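>>> my questions concern the predicted model and sequence given below.
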Amino acid sequence: MVLAEELADDYDAMVEVEEVEEMAFGDKFNLESIDKESDLIERAPIITIMGHVDHGKTSLLDAIREANVADGEAGGITQKIGAYQIVKNGKKISFIDTPGHEAFTEMRARGAQVTDIAILVVAADDGVMPQTVEAIAHAKSANVPIIIAVNKIDKEGADPARVKNELMEHGLVPVEWGGDVEFIEISAKFRQNLEEILDTILITAEMLELKGNPKKRAKGVVMESRLDPKVGPIADLLIQEGTLKIGDIIVAGEAYGKVRALVNDKGEKTEVASLSQPAEVIGFNTVPEAGDVMYVVQNEQHARRIVSEVEKDRKLNNQNKKKHISLEVLSQHMDDINLKELNLIIRADSKGSVQALNESLNKLSTSEVAVNVIQATSGAISESDIRLAEASNAIILGFNVRPTTKAMRDADKAGVEIRTSSIIYQIVEDIEQALSGMLDPEYKEVYLGRIEIKKVFKVSKIGNIAGCYVEDGKIYADSKIRILRNGVMVYDGELASLKRYQDDAKEVIVGQECGLNIKNFNDIKEGDTVEAYKVDVIQRTLKDVK
Ligand code: GDP
């Protein structure tokens, strides 16, 4: 930390120490366990549907759901419980019932990644639109494979080829053109090619080899929650691991309880909910928040202990408002080997300046630290940018643009850093400096002096004290030292004390006599040499590694 402060000082910046590194709930409370390979079984893929407004996301979700209501249930009402599951060719597929990337990214920002595959709906008569581009960035940043549903092909003016061309510009290359992205032309309205979408999902899922352990205690994510005046708090969960059963003790954020009832997406009461299954859970003492991760724990005491810790943390966090990554705190993360990549979101006033900035920033990457531009678009900095920044720990750069008022508020709340400027080189210089702070420093040893041990005295309680003579250079009371015996190093450590006559000395120099003893080392002998040295920390700049 001291090092970071010194570094920040050099850069005329402040290090904010109050940042509490947020640990995932499960890790913090030791609720995660490693699975035995033999316990793992295939699980259903979980799908999120994204795309621009009015391109048909909801229509597609509804069409798939209705087309797959089993005969017995025909006419039956499917429940809206945050997600639903269908069966295709004997295999299950789960769909998250909230379309759009907002909820998706909100969950990620809270540490819950539930989606395995994203379906990007693009209307064939409208083409790639701003939210299409956003959705791509969000899915890519989450490392989730994308399947394209080119929708509304029934409409006049539908031009699927144009959609393909436009998406190519965003790095999505169709399989038939040598890429790896599946494009399916559909009509959600007329239920056209829905089976192809499902087949493609199953093939993609197969490649992902999604597995889970149904035997362990359940873990899930709260998709939605509400307070029902009759039954109390209700949470819609998607189970990610294990099997949730009636009677299980559950905890999610600041809510805990005992599972009293489980209802599936068909509205039926069930006894259990397992891998990739949605379920409505009744039994929480209070309403958990959407995005909270739910765990089953051994007993109620344990659940209560966790909840009280979470409450304490929240109070603390409210006091020291959660600080997201900022350029100033980067030096603090220097030792964190994971953070060798600086995620950036670029917004600029025109396509030209987006490109210019993108190129200049990408050039800054070196073999040790990299700039990773996750989204570069023109226009004002939006709320969606803030969510993406929050989810992917990114900094937002604005060139000649400003955030919307809502975005500014959200950024403040989430602690997302926005840097705006109307001078490109200033932005580039800022980032260059930040990257330099991410480089590992170099340690350089500096020789200080040599001392010969002339005599060794035994002093009770203290141990062996050496009477010495400084033969070369000097030694400080806080120097690092090595003991050399016949040229061989026998110990490497620090002094416990350095004295001149009876008094403590800060330093002794060549030609002077002194007394000393060594911290945690008593085996000194007459004739030993004490070599004094120090280690200089040299912070490198990008220029040093280029
Ligand atoms: P969302 O905002 O992406 O969820 O879009 P919606 O599903 O609400 O659809 C927006 C509008 O497009 C609605 O009026 C739908 O009826 C219409 N729509 C959706 N899919 C199709 C389609 O395949 N063909 C045609 N012609 N209209 C569609």
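Done, it's in.
>>> in space, what's closest to residue 244 - neighbours in sequence excluded?
Leaving aside its chain neighbours, residue 244 sits nearest to residue 218 (3.8 Å; criterion: CB to CB, 6 or more residues apart in numbering). Glycine gets a C-beta too; all of them are placed from N, C-alpha and C.
>>> quick one, phi psi at the closest residue to the ligand within the stretch 251-400 of the chain?
Proximity of the stretch 251-400 of the chain to the ligand (CB to the nearest ligand atom) peaks at residue 384, 15.0 Å away. Residue 384 adopts backbone torsions of phi -70, psi -30, taken as degrees, to the nearest 10.
>>> look up how far residue 437 lies from the nearest residue to it once chain neighbours are set aside.
Among residues not flanking residue 384 along the chain, residue 134 sits closest, at 5.4 Å (CB to CB, 6+ apart). Distance of residue 134 to residue 437, computed by CB to CB, to the nearest Å: 30 Å.
>>> kindly report the same for residue 379.
Residue 379 is 30 Å from residue 437, by CB to CB.
>>> more neighbours: these two, which one.
residue 437 (26 against 14; other CB atoms under 10 Å).
>>> please tell me how far the one helix or strand that one maps to is from the chain's geometric centre.
Assessed by DSSP states H and E, residue 437 sits inside helix 424-438. Computed by CA atoms, centre = their mean, to the nearest Å, the chain-centroid distance of helix 424-438 equals 22 Å.
>>> swap in stretch 26-33?
16 Å.
>>> and it, which residues are buried?
26, 29, 31 (16 or more other CB atoms under 10 Å).
>>> ok, the residue nearest to residue 384 touching residue 100?
No. The pair residue 134 / residue 100 is not scored as a contact, 9.6 Å apart, by CB atoms under 8 Å.
>>> I'd say residue 185 and residue 193 touch.
Yes. Between residue 185 and residue 193 there is a contact under CB under 8 Å: 6.2 Å.
>>> hang on, the earlier thing: then the helix holding residue 437 to PDB, C-alphas only?
Once non-C-alpha atoms are left out, helix 424-438 reads as follows in PDB (Å, rounded to 0.1, in the frame of the first residue of the first chain):
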ATOM      1  CA  ILE A 424      -7.300  13.400 -27.600                       C
ATOM      2  CA  TYR A 425      -3.600  13.400 -26.500                       C
ATOM      3  CA  GLN A 426      -4.700  14.200 -23.000                       C
ATOM      4  CA  ILE A 427      -6.800  11.100 -22.900                       C
ATOM      5  CA  VAL A 428      -4.100   9.000 -24.300                       C
ATOM      6  CA  GLU A 429      -1.500  10.400 -21.900                       C
ATOM      7  CA  ASP A 430      -3.800   9.700 -19.000                       C
ATOM      8  CA  ILE A 431      -4.200   6.100 -20.000                       C
ATOM      9  CA  GLU A 432      -0.500   5.800 -20.700                       C
ATOM     10  CA  GLN A 433       0.200   6.900 -17.100                       C
ATOM     11  CA  ALA A 434      -2.400   4.400 -15.800                       C
ATOM     12  CA  LEU A 435      -0.800   1.600 -17.700                       C
ATOM     13  CA  SER A 436       2.600   2.500 -16.400                       C
ATOM     14  CA  GLY A 437       1.200   2.200 -12.900                       C
ATOM     15  CA  MET A 438       0.100  -1.300 -13.800                       C
END
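>>> near the ligand, which residues of the protein show up?
51, 53-59, 99, 151-152, 154-155, 187-189 (CB under 6 Å from any ligand atom).
>>> ok, 5 Å please
Listed as neighbours of the ligand in the chain under the rule CB under 5 Å from any ligand atom: 53-59, 151-152, 154-155, 187-189.
>>> name the nearest residue to residue 349, sequence neighbours excluded.
Distances taken as CB to CB, 6+ apart place residue 400 nearest to residue 349, at 3.9 Å, with adjacent residues excluded.
>>> what lies in contact with the one helix or strand residue 396 maps to?
Residue 396 belongs to strand 394-399 when elements are defined using DSSP H and E. Residues outside strand 394-399 that contact it (CB atoms under 8 Å, 6 or more residues apart in numbering) are 325-327, 342-349, 353-354, 357, 361, 374, 381, 385-386, 388-389, 403, 411, 416-422, 424, 427, 431.
>>> max-length helix in the chain?
Longest helix in the chain by number of residues (criterion: DSSP state H): helix 300-319.
>>> got the angle between whichever helix or strand comes after that one and strand 394-399?
Following helix 300-319 in sequence order, the next helix or strand is strand 341-348 (DSSP H and E). Strand 341-348 and strand 394-399 are oriented at 30 degrees to each other (axes from the mean of the first three to the mean of the last three CA atoms, to 10 degrees).
>>> each with direction, which strands does strand 341-348 pair with?
Using DSSP bridges, strand 341-348 pairs in its sheet with strand 370-378 (parallel), strand 394-399 (parallel).
>>> worst mean pLDDT among those strands?
The weakest mean pLDDT among the strands paired with strand 341-348 belongs to strand 370-378, with a mean of 86.
>>> by how many degrees do that strand and helix 424-438 diverge?
Using the same axes, to 10 degrees: strand 370-378 against helix 424-438 is 150 degrees.
>>> distance from the chain centre to strand 370-378, please.
17 Å.
>>> ok, and what's touching that strand?
With CB under 8 Å, 6+ apart as the criterion, strand 370-378 contacts 130, 133-134, 137, 140-141, 340-351, 353-355, 357-358, 361-362, 364-365, 385, 388, 392, 394, 401, 431, 435.
>>> in this structure residue 116 contacts residue 146, no?
No. Using CB under 8 Å, residue 116 makes no contact with residue 146, being 11.5 Å away.
>>> is it correct that residue 455 is in contact with residue 464?
No. Using CB under 8 Å, residue 455 is not in contact with residue 464; the gap is 10.4 Å.
>>> the two: who's more crowded?
With neighbours defined as other CB under 10 Å, residue 455 and residue 464 compare such that residue 464 has more, 16 against 11.
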